[in-house]
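**Q** fold the following and give me the result.
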Amino acid sequence: MHTVVERELELSLVLSPERSVPVPARLEYRADDPFAVHFTFHVTSDAPVTWTFARELLIDGVFRPCGHGDVRIWPAKSEGRPVICLALSSPDGDALLEAASSPVAAWLERTLRLVPPGSEHEQLGLDQELGELLAPTGRDREESWLREARPGDDAPEGA
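**A** Presented below is the predicted three-dimensional model:
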């Protein structure tokens, strides 16, 4: 059974130090994709935008500045309240978003209870799938028998 942890919330798109606009968003974590978090912005529009990045990056960003390049996250204060800042960069442009810290931290806590850090690989079932992929099949055993029954390259000619 794969579980999804979702949270709808409103972020602020920071346009300038004096002006921001609300952006409805959905945070999503799926146990079958345990290393990633998904942020979907403009969920009520015809063209929502989803950003996917490492859950660990968001966890670290709640406590200290982190990330390089396309996604950077850090804790801050806005109008005296704790927020998480999320800077996103793409070829289409850059965005600075702020989210209240409490709902993001509560949502992250739910994801950590579902899949504790360090156990993500267990959700993927890689060991089982790799075992199935590498397990000998009936045909493999038959081909192995045929190879053993044929003379090798070191057999004398005409044998």
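**Q** all strands of the chain, in order?
**A** For the chain, the strands defined by DSSP state E cover 4-16, 19-30, 36-41, 49-54, 71-78, 81-90, 93-100.
**Q** please identify the most buried of these.
**A** Scoring those by mean neighbour count under mean count of other Cβ atoms under 10 Å gives strand 36-41 as the most buried, with a mean of 18. All C-beta atoms are positioned from the backbone trio N, CA, C, and that covers glycine.
**Q** pairing partners for it, with directions?
**A** Partners of strand 36-41 in the sheet, by DSSP bridges, are strand 19-30 (antiparallel), strand 49-54 (antiparallel).
**Q** who's in contact with Thr52?
**A** Thr52 makes contact with 36-39 under the criterion Cβ atoms under 8 Å, 6 or more residues apart in numbering.
**Q** shaky segments in this structure?
**A** 1-2, 119, 122-132, 138-159 (pLDDT under 70).
**Q** center of it, which residue is that?
**A** Most central in the chain under Cα atoms, centre = their mean is Ala36, positioned 1.1 Å from the mean C-alpha point.
**Q** just give the nearest non-adjacent residue to that one, would you?
**A** Thr52 (5.2 Å; Cβ to Cβ, 6 or more residues apart in numbering).
**Q** separation between that neighbour and Gly93?
**A** Distance from Thr52 to Gly93, counting by Cβ to Cβ, to the nearest Å: 18 Å.
**Q** what sits against the closest residue to Leu88 other than its chain neighbours?
**A** Distances taken as Cβ to Cβ, 6+ apart put Ala95 closest to Leu88, at 4.8 Å, once the chain neighbours are dropped. Listed by Cβ under 8 Å, 6+ apart, the contact set of Ala95 reads 13, 87-88.
**Q** name whatever forms a beta bridge with Cys66.
**A** Bridge pairing for Cys66 - DSSP bridges - gives Ile73.
**Q** again, but for His38
**A** Beta-bridge partners, per DSSP bridges, of His38: Glu28, Thr52.
**Q** touching, it and Trp51? I think so.
**A** Yes - His38 is within contact range of Trp51, at 7.4 Å (criterion: Cβ atoms under 8 Å).
**Q** with that, I have no additional questions.
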